[in-house]
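S.K.: next one to model:
(one chain, ligands or ions: 1)
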Amino acid sequence: SERVALHIGGTFPMESDGGGWAGGQACLPAVQMALEDVNKRPDILDGYELVLHYYDSKCQPGLAAKYMYELLYKPPVKLMLLAGCSPVTTTVAEAVPVWNMIVLSYGASSPALSNRDRFPTLFRTHPSANLQNPTRVRLFQKFNWKKITILQSVEEVFTSNAKDLEIQCREKGIKVNRQSFYGNPADAVKTMIRQDARIIVGLYYENEARKVLCEAYKNKLYGRKYVWFLIGWFSDTWYIPPKDEHLNCTAQQMAEAAQFHFTTESIMLSRENKVTISGMTGVEFRDRLENQLNTDPADTAGFPEAPLAYDAVWAMALAFNCTTAKLTVDRMKLEDFDYHNDFMYKQLFNCMKDTRFPGVSGEVMFSDLGDRIARTQIEQMQGGKYIMMGTYDSGEQKLDWRNKEMFAGGRGPPPDSTITRDW
Ligand SMILES: CC1(C)CO[C@@H](CC(=O)O)CN1
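M.R.: Presented below is the predicted three-dimensional model:
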């Protein structure tokens, strides 16, 4: 018999002319793969077929708002919306609750989105940037560093992240200095030297990271007395100066200043040899997607986040599956949703809230704010290569450390960083 269609909407940033994230390049194929897999499963949404209607948002909120209206005002009725980067997710998730619509974001890292007042129907499989802060604090405690300096560029995501880190440090009795810069970090670096900064957390994008690294090299703000923490999702060769950026540091000098810095990042691909709800392991998913793409993964934006997009479709499918069971009692059907049925929306929201399954990106579950709960991976740059140092589970407050860290001068970690003697 003909299957009944359940329609979902979606926006995917396929290019980033505005400097945003173009992760739709790998995340759209991942979503299409998940739809294929879910629609093939007889045990999920039996008698139904998920149908996606999508547009290219270019990571621009205005364009996304236009397409959101197209999706909502043009039939057929959509049951849920997928969204990508933070600026688009912010706009869509703030508007669609009036249509009793849930937004599921596979690509938004902004801490500002953890706000049920502004975004009452948002869930995201992409972890917030703030998930790095408990990990950073745990490492400051491990190495007994009592004073840290945060150096951030002025983007909203880094300001929110820095504010949260400062609060978490102070709660643990760790002193915090904060410096921010727009474009040129030279003055902020000079101030850090005056304040005798030792343990530095850098919150900025890759191009800004290269400027800071070169300033640090020129001011000798690296080596024995210093430890840098940077963002982990930069490319592995981010510190090599591109010709067109006219940095007055050589690749050798940049590598020297980058030696032994730590990075933290959320784990987005399960490396466990355990099959997930889809029947694939995380690595099998990644290999299958790589084979499907006709571009090199290294040149396909959003490839690291593709597992999050794949799992977002499974989260939707399981929530719809859970809702159909609840609606049968009241002889309601999902396909009769018409943006006004508050009861049906509430059933769907509660099913989504309680979602928990093993995904290709790891265990998928949401906090009360709709945030993705995920583990963090810590690496250190040693000889120009990132080496895995360990993982941190902020839920369990459990640090798995491999004792592979190295420090300049071959000695143990710098002393309690409030001690200003020349160590
Ligand atoms: C880890 C990163 C690159 C952080 O930004 C996300 C995009 C966004 O938050 O707009 C995508 N994933």
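
S.K.: following the chain onward from the helix or strand encompassing residue 150, which element is next?
M.R.: Using DSSP states H and E, the element containing residue 150 is strand 147-153. Next helix or strand after strand 147-153 toward the C-terminus (DSSP H and E): helix 156-171.

S.K.: how about the residues of the stretch 1-150 of the chain near the ligand?
M.R.: 21, 23, 85-86, 107-110 (Cβ under 6 Å from any ligand atom). The way it works is simple: take the backbone N, C-alpha and C, and place the C-beta from them, glycine included.

S.K.: which of those fall within strands?
M.R.: Using DSSP state E, no member of those falls within strands.

S.K.: what about those residues, which are in helices?
M.R.: residue 86 (DSSP state H).

S.K.: could you identify the most distant pair in the residues of the stretch 1-150 of the chain next to the ligand?
M.R.: In those, the most distant members under the criterion Cβ to Cβ are 23 and 110, with 13.9 Å between them.

S.K.: kindly confirm my reading that residue 34 forms part of a strand.
M.R.: No - Residue 34 is assigned helix when assessed by DSSP: H, G, I helix; E, B strand; the rest coil, not a strand.

S.K.: now residue 372: how far from the ligand?
M.R.: 12 Å (Cβ to the nearest ligand atom, to the nearest Å).

S.K.: ok, residue 338 next?
M.R.: Taking Cβ to the nearest ligand atom as the measure, residue 338 falls 32 Å from the ligand.

S.K.: tell me which stretches of the protein form helices.
M.R.: For the chain, applying DSSP H gives helices covering 24-40, 61-73, 86-95, 133-142, 156-171, 186-194, 206-218, 251-258, 282-292, 306-328, 342-353.

S.K.: show me what the fourth one is packed against.
M.R.: This points to helix 133-142. Using 3 or more Cβ pairs under 8 Å, 6 or more residues apart in numbering; DSSP states H and E, the elements in contact with helix 133-142 are helix 156-171, strand 262-266, strand 376-382, strand 385-393, strand 398-401.

S.K.: how about the residues of the stretch 301-423 of the chain near the ligand?
M.R.: Counting by Cβ under 6 Å from any ligand atom, the stretch 301-423 of the chain sits next to the ligand at residue 305.

S.K.: residue ranges with poor pLDDT in the stretch 301-423 of the chain?
M.R.: Residues of the stretch 301-423 of the chain that meet the criterion pLDDT under 70 lie in 412-423.

S.K.: residue of it closest to the ligand, please.
M.R.: Distances between the stretch 301-423 of the chain and the ligand by Cβ to the nearest ligand atom are smallest at residue 305, namely 5.2 Å.
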